[in-house]
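>>> fold the following and give me the result.
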Amino acid sequence: MKKIIYFLRTRAALGGLILTLSSLSSFGQTNVYNNVIATSPNHTSLAAALQQAGLVTALQSNTATLTVFAPDNAAFADLAASLNTDITGLLALPNLSDILLYHVLGTEVPAANVTNGAIVTPLNPVNTIKLTKTSSGSVYANHAMVNAADLFADNGVVHSINKVILSNETVVDVALDNGFSTLATAVITAELLPALTNPFSTLTVFAPDNAAFDQLAAALNTNTAGLLALPNLADVLTYHVLGTEVLAAGITNGAVVSPLSTTNTLKLTKTSTGSVYVNHAQVILADVPADNGVVHVLNKVVLPAETVVDVALDNGFSTLATAVITAELLPALTNPFSTLTVFAPNNAAFDQLAAALNTNTAGLLALPNLADVLTYHVLGTEVLAAGITNGAVVSPLSTTNTLKLTKTSTGSVYVNHAQVILADVPADNGVVHVLNKVVLPAETVVDVALDNGFSTLATAVITAELLPALTDPFSEFTVFAPTNTAFDNLATALNTNTAGLLALPNLGSILLYHVVSGTVLSTDLTNGSVTTLNGGSIVIDVTSGVMVNDAMVTSANVTADNGVVHVIDKVLLPTAGISEEINSNVAVYPNPSVDNIFVKGGNGNFTIVDMMGKTVKAGMLDNQAISISDLQSGRYLLQINDESNTFSMPLIKQ
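The predicted structure is shown next:
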């Protein structure tokens, strides 16, 4: 019996010893709550929240392996302010337990083991946590920075953070959940997860899809790895983000908005059909909602390049910029990979155009061909002023007409009739030349010559630097246009060639002798003298067909937007020093004549001059017939020289 009692006593003692040892062992364990959170004066709000949510026991478990991202007191104060409440209000939140469990991982992750861009699942699996490790070694959980890392206990590790993180569906989640893998990788590489996962931000993200990044890589002759290595990657990405929420319905055409990147603005277009563009990139999916903003999917990556549009905006070309916006041309002109030459009319040029059209700026913006007019000012290649050659005929983006360039002997440059008043303003996608006039794609008398094979006449006009005068769409001209054969015949008569004609010192005067101000159709022509643009006069004779001096009109009334062209079979030459005033007291008959002419009422000497200014016959007037049988058929001037006067009159030899 005593043995039995001793056995029982011994067994009880051993049991007590085992229980005591077990208790001592449990007492020796540290845990993330008792030994880190509860003892920290900076985490009293967290401790109170854990107690309120009944989560203390879970953090005391000696069988757990935990990572706790522990918001400090300032973090809770910030959250309370954001929710317009106080700590008591936070402790009363119905989802307090969910918020706290979103801060806890079921595995131990020391700071050294955090990799940039790691996406981990907390005990509250409603969303993942996005981890960032910066190049400087800082660690973030979503937008919260770790301000004290690696506070170890036996059942895990605590990282103190400066913000409370929430399980909201952010713009980053939209990208991750919808397969925008290149964009997500780029955001991670650029260490932008903290900025974009802030649940209290209000963002608009223009999100290029994977194909857009592939296109950018191809344009830069690289690959995705090359894109991720770009030194300005963060700037490119923040150029896609606005700090406010803008739904597609709230986008207005021509809005110029400032993204998070301060390098440049974004230019928004909303077309008449409802399409939305951000610079040159089209929104292909709009209004994807997130808890901290909205995402619009783009088909291209936009770059903060200084484009020709920026040159216009930055230099006060407000009318041009407004016109470009109205015509929905921003996407074409903001493409950073275009190479453009823009001939940019200044505001005064648009004012002149409005006055010429008897309207105002609003009237100009309402022109049905506004886009055509504007693209008529743009070349698809970059042409610096030094590369402009006199007489170059170039094709702009508008296919309505070509541009005619003039470079004068003094170095001035003209585009049609508009002068370049400031050249070579550089842009990342081309160059801008400022014009003092708006050029219009009108079919001018120059186009009539170019389009109908008058190559020698066109070359002569170019050589004489007359393109600016004759391409003015608001002038009106009547041009008597010699054919190529007419120029060839003149060259033969002068014992030279086309090059010799183009080298004539009075070439410009000769050409202007073929031009009359105003539009004069053949049906409006009458016999008589007409003053030309060179100041001299031509003689019109409609007795038999239409003769201009000694040249015959072979094709009449070729109309242009700024006048009319009549084709003639000879080059007209001004007769230097000869007055063409006709004395009404003197008569010549018959005129036209084949053999002889008589002069009535005149006395003194006579001279017959051909249209090249050469004297072909001379003598005394004595009331006798003057034989012209030996003259070639054509037009001449009969000069009468008496003692006090010199005058002349037209003479036609048939």
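>>> what about the strands in the stretch 501-650 of the chain?
Using DSSP state E, counting those that start in this stretch, the strands of the stretch 501-650 of the chain run over residues 515-517, 528-531, 537-541, 547-548, 551-560, 563-568, 587-589, 596-600, 604-610, 615-621, 626-627, 634-641, 646-653.
>>> redo those strands as TSV? Include mean neighbour count.
No exception for glycine: its C-beta is placed from N, CA and C like everyone else's. Below are the strands of the stretch 501-650 of the chain laid out as TSV (neighbours: other CB atoms under 10 Å):
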stretch	mean neighbour count
strand 515-517	20
strand 528-531	14
strand 537-541	21
strand 547-548	24
strand 551-560	17
strand 563-568	24
strand 587-589	15
strand 596-600	16
strand 604-610	18
strand 615-621	13
strand 626-627	16
strand 634-641	21
strand 646-653	21
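>>> looking at those, which is closest to P208?
When these are compared for distance to P208 using CB to CB, the nearest one is strand 551-560, at 48.4 Å.
>>> related to what we said a few turns ago, the strands of the stretch 501-650 of the chain: which one's closest to A449?
The nearest among the strands of the stretch 501-650 of the chain, by CB to CB, is strand 563-568 at 7.2 Å.
>>> what strands flank the closest one, and is each parallel or antiparallel?
Counting by DSSP bridges, the strands paired with strand 563-568 are strand 477-482 (parallel), strand 551-560 (antiparallel).
>>> next, format the ones you listed as a markdown table and append mean pLDDT and distance to I626.
Formatted as a markdown table, those follow (pLDDT from 0 to 100; distance: least, CB to CB, whole Å):
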| stretch | mean pLDDT | distance to I626 |
| --- | --- | --- |
| strand 477-482 | 97 | 29 |
| strand 551-560 | 96 | 23 |
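>>> got CSV for those, with distance to D214 too?
Below are these laid out as CSV (distance: least, CB to CB, whole Å):
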stretch, distance to D214
strand 477-482, 55
strand 551-560, 49
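>>> show me where the stretch 351-500 of the chain has helices.
Taking DSSP state H, counting those that start in this stretch, the helices of the stretch 351-500 of the chain run over residues 361-365, 370-375, 445-451, 455-463, 467-470, 484-493, 498-502.
>>> JSON lines for those helices, including mean pLDDT and distance to F606?
As requested, the helices of the stretch 351-500 of the chain are exported to JSON lines (pLDDT from 0 to 100; distance: least, CB to CB, whole Å):
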{"stretch": "helix 361-365", "mean pLDDT": "98", "distance to F606": "59"}
{"stretch": "helix 370-375", "mean pLDDT": "98", "distance to F606": "57"}
{"stretch": "helix 445-451", "mean pLDDT": "96", "distance to F606": "38"}
{"stretch": "helix 455-463", "mean pLDDT": "97", "distance to F606": "34"}
{"stretch": "helix 467-470", "mean pLDDT": "95", "distance to F606": "38"}
{"stretch": "helix 484-493", "mean pLDDT": "95", "distance to F606": "23"}
{"stretch": "helix 498-502", "mean pLDDT": "95", "distance to F606": "31"}
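>>> format the ones you listed as JSON lines; extra columns: mean neighbour count.
Output for those, formatted as JSON lines (neighbours: other CB under 10 Å):
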{"stretch": "helix 361-365", "mean neighbour count": "15"}
{"stretch": "helix 370-375", "mean neighbour count": "20"}
{"stretch": "helix 445-451", "mean neighbour count": "22"}
{"stretch": "helix 455-463", "mean neighbour count": "21"}
{"stretch": "helix 467-470", "mean neighbour count": "22"}
{"stretch": "helix 484-493", "mean neighbour count": "16"}
{"stretch": "helix 498-502", "mean neighbour count": "15"}
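>>> of the ones you listed, which is nearest V516?
Among the helices of the stretch 351-500 of the chain, the nearest to V516 by CB to CB is helix 445-451 (11.2 Å).
>>> mind exporting the closest one as PDB, just the C-alpha atoms?
C-alpha atoms of helix 445-451 as PDB (Å, rounded to 0.1, in the frame of the first residue of the first chain):
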ATOM      1  CA  VAL A 445      -1.300  81.000-112.600                       C
ATOM      2  CA  VAL A 446       2.000  79.400-111.700                       C
ATOM      3  CA  ASP A 447       0.200  76.000-111.300                       C
ATOM      4  CA  VAL A 448      -1.300  76.500-114.800                       C
ATOM      5  CA  ALA A 449       2.200  76.900-116.200                       C
ATOM      6  CA  LEU A 450       3.600  73.900-114.200                       C
ATOM      7  CA  ASP A 451       0.600  71.700-115.000                       C
END
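>>> which secondary structure elements does that helix contact?
Under the contact criterion of 3 or more CB pairs under 8 Å, 6 or more residues apart in numbering; DSSP states H and E, helix 445-451 touches helix 455-463, helix 467-470, strand 477-482, strand 551-560, strand 563-568.
>>> can you list those in a markdown table and add distance to V515?
Formatted as a markdown table, the helices and strands packed on helix 445-451 follow (distance: least, CB to CB, whole Å):
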| stretch | distance to V515 |
| --- | --- |
| helix 455-463 | 10 |
| helix 467-470 | 8 |
| strand 477-482 | 5 |
| strand 551-560 | 12 |
| strand 563-568 | 9 |
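>>> among the ones you listed, which comes closest to L196?
Closest approach to L196 among those is made by helix 467-470 (55.1 Å; CB to CB).
>>> D524 versus P505, what's the distance?
For P505, the distance to D524 (CB to CB, to the nearest Å) stands at 34 Å.
>>> looking at these two, which one has more neighbours?
The neighbour comparison of P505 against D524 (other CB atoms under 10 Å) goes to D524, with 11 against 6.
>>> hang on, the earlier thing: how about the strands paired with strand 563-568, which one is nearest A118?
Proximity to A118 (CB to CB) singles out strand 551-560 among these, at 71.7 Å.
>>> between strand 634-641 and the closest one, find me the angle.
For strand 551-560 against strand 634-641, the angle by axes from the mean of the first three to the mean of the last three CA atoms, to 10 degrees is 110 degrees.
>>> can you list contacts of strand 551-560?
442-445, 447-448, 452, 480, 482-483, 486, 521-522, 545-547, 564-572, 611, 635 (CB atoms under 8 Å, 6 or more residues apart in numbering).
>>> same check on stretch 424-434?
Identification of contacts with stretch 424-434 by CB under 8 Å, 6+ apart yields 305-308, 310-312, 315, 334-346, 382-385, 413, 415, 420-423.
>>> give me that answer again for 6 Å
Identification of contacts with stretch 424-434 by CB atoms under 6 Å, 6 or more residues apart in numbering yields 305-308, 311, 336, 338-344, 346, 382, 384-385, 420-423.
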